[in-house]
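*Asks:* compute the structure for the input listed below.
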Amino acid sequence: MLASVVIPTRDVADQLLYTLFSLNLQLTSFEQFEVIIIDNASADETPQKVAQFTANYPLRYVRFKRRLPFYRLVNEGITQSRGQVIIFLASNCMVPREFIGTHHQAHHHDSQLVLLGLDSKRIYSVYDPLFNEQQHAECSMWLEQYPQIKRPHSPARRLPLLEENQIASGLPFHLGLPCPDAEARLAVCRAYGSKLDGHHAPWMLFQTQHVSLRREGLLRQGPFKALPRVEMEREMARRLLRSGFHFQFANKLTLLKQERVLGNIPFRKASKKNRRTP
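*Replies:* A predicted model of the protein is given here:
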């Protein structure tokens, strides 16, 4: 069974490389999954850095020249995919070695399953001078706790903080900070179990940051609708639920969400938000 990992991205070149490298470490055979990057007109060095990256798995890069609504990105990822299973993944999420294998196993005998992301931690994998004030403060405190992590040479320059050998050793997964969204999802899991028995609205837990399902079932629903991201995700999830799909948490996986620039907005409150070239 082939899995297609669809990664929409925009202007997080260094975080994306860490995500791609974590996929290089998978325990699953590299012939059993592909990765498709859908670039939403990044203005940073994403095209160059992806071109220079050496992937152990089949990797395709599709770049839009003009910024498009998010639903266009995920629909393009589905069109580009070849796998029987589609895994949507955020471009700033590093994954553990068992990531692909867990999704494979979950869908092997169950064609009606939607596997939802559950646990995640936050990490500062890249220092960025454009971090807001609270991010700067949190990043500084975090670095003080872990002297083995690289330090910024200058407060005015962006700098990747992790070495590949540290990721390969699994070190970052032991250094993560709490993630409020994950803590809320873990509370739901404790209340209803990983299979969400009795949960009145499991469709509200569907997020394209980390979710997987069979491609054939997704195609039967038609494309994602032209809606804002959260509404788009929930609308698709309702369609899946009405079609007989059931929802379950991936309770064996913990991902690392790499902090990205939020701008001059309240901390942890980031807003949701032509022709393509290969």
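*Asks:* residues contacting Gly222?
*Replies:* Gly222 sits next to Arg239 when contact means C-beta atoms under 8 Å, 6 or more residues apart in numbering. No exception for glycine: its C-beta is placed from N, CA and C like everyone else's.
*Asks:* can you point out the buried residues in stretch 216-227?
*Replies:* For stretch 216-227, a neighbour-count test (16 or more other C-beta atoms under 10 Å) marks 217-218, 221, 224 as buried.
*Asks:* of the residues you listed, which belong to helices?
*Replies:* Among the buried residues of stretch 216-227, the subset assigned to helices under DSSP state H consists of 217-218, 221.
*Asks:* out of those residues, which one sits closest to Arg66?
*Replies:* Nearest to Arg66 among those is Leu218, at 25.9 Å by C-beta to C-beta.
*Asks:* list the contacts for that closest one?
*Replies:* 78, 86, 240.
*Asks:* next one, pLDDT for it please.
*Replies:* On the pLDDT scale, Leu218 is placed at 94.
*Asks:* ok, so of the ones in helices among the buried residues of stretch 216-227, who is nearest Glu138?
*Replies:* Distances from Glu138 to those, taken by C-beta to C-beta, are shortest for Leu218, at 37.1 Å.
*Asks:* and the buried residues of stretch 216-227 as CSV, adding distance to His107?
*Replies:* Converted to CSV, these look like this (distance: C-beta to C-beta, whole Å):
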residue, distance to His107
Gly217, 10
Leu218, 12
Gln221, 16
Phe224, 20
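*Asks:* with respect to Phe245, which of those residues is nearest?
*Replies:* Among the buried residues of stretch 216-227, and counting by C-beta to C-beta, the member closest to Phe245 is Gly217, at 6.6 Å.
*Asks:* ok, the closest one touching Arg239?
*Replies:* No. The criterion here is C-beta atoms under 8 Å, and Gly217 misses it with Arg239 at 10.4 Å.
*Asks:* what ranges does this structure have for its helices?
*Replies:* For the chain, helices defined by DSSP H occupy the ranges 13-23, 46-52, 70-80, 99-108, 133-145, 164-169, 180-192, 215-221, 229-242.
*Asks:* just the ones you listed: most buried one?
*Replies:* Most buried of these, by mean neighbour count (mean count of other C-beta atoms under 10 Å): helix 13-23, with a mean of 23.
*Asks:* now the angle from that one to helix 99-108?
*Replies:* Following axes from the mean of the first three to the mean of the last three C-alpha atoms, to 10 degrees, one obtains 60 degrees for the angle between helix 13-23 and helix 99-108.
*Asks:* pLDDT weak spots in the protein?
*Replies:* Residues of the chain meeting the criterion pLDDT under 70: 263-278.
*Asks:* pick out the residue nearest the middle of it.
*Replies:* Ala90 (2.2 Å; C-alpha atoms, centre = their mean).
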